[in-house]
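Enquirer: Quick check, what structure comes out for this input:
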Amino acid sequence: MKKNSTASIHIRIPAKLKKEAEQVIEALGLDASSAIRLFYTQVTIHQTLPFQLPKIRPMSAKTKKIVEEALKDEMVGPFNNAEDLLKSLYAED
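Expert: Below you'll find the model as predicted:
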C-alpha cells in the first residue's frame, strides 16, 4: 500500500442515528471521518471492538432443564427430509 493511499467507506444508517451521533462527535471537536478513523485505529490496536458488548442473557432454570434433558436423549438422524424428521419426533416409543 502506498504511504498516502486512502480508501472510502460507504454505509447506510438511519438518519436519526447519524444526526444524533454527529452531534456528539462534533461536541467532542471531531468530524465523522475522524471519529471513524479513530474507531478503526482502536480496532487495529486492540484486535477487538473498542467497547464491551452486552453479555448474552443467561438461560432460565426452566430452559436449562429442558436443554439438559434434551442432551440426555439419544441422538437420532440424520434424516433425508423434514417429513422423516417429523415422523421420528412424534413416533411413540
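
Enquirer: in the protein, which spans are helices?
Expert: Ranges of helices within the chain are 15-27, 32-46, 61-72, 82-89, based on DSSP state H.

Enquirer: Quick check: residue 88 vs residue 69, distance?
Expert: Spatial separation of residue 88 from residue 69 under the definition CB to CB, to the nearest Å is 17 Å. Every C-beta, even on glycine, is put in place using the N, C-alpha and C of the backbone.

Enquirer: among the helices of the chain, which is nearest residue 7?
Expert: Closest approach to residue 7 among the helices of the chain is made by helix 32-46 (10.2 Å; CB to CB).

Enquirer: Could I have the CA atoms of the closest one written out in PDB?
Expert: Output of helix 32-46 as PDB, limited to C-alpha atoms (Å, rounded to 0.1, in the frame of the first residue of the first chain):
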ATOM      1  CA  ALA A  32     -17.400  11.900  11.300                       C
ATOM      2  CA  SER A  33     -14.400  10.900   9.300                       C
ATOM      3  CA  SER A  34     -12.000  11.500  12.200                       C
ATOM      4  CA  ALA A  35     -14.300   9.500  14.600                       C
ATOM      5  CA  ILE A  36     -14.500   6.600  12.200                       C
ATOM      6  CA  ARG A  37     -10.700   6.700  11.700                       C
ATOM      7  CA  LEU A  38     -10.300   6.600  15.500                       C
ATOM      8  CA  PHE A  39     -12.600   3.700  15.700                       C
ATOM      9  CA  TYR A  40     -10.700   1.700  13.100                       C
ATOM     10  CA  THR A  41      -7.400   2.600  14.800                       C
ATOM     11  CA  GLN A  42      -8.600   1.200  18.100                       C
ATOM     12  CA  VAL A  43      -9.900  -2.000  16.400                       C
ATOM     13  CA  THR A  44      -6.500  -2.400  14.800                       C
ATOM     14  CA  ILE A  45      -4.500  -1.700  18.000                       C
ATOM     15  CA  HIS A  46      -6.600  -3.900  20.300                       C
END
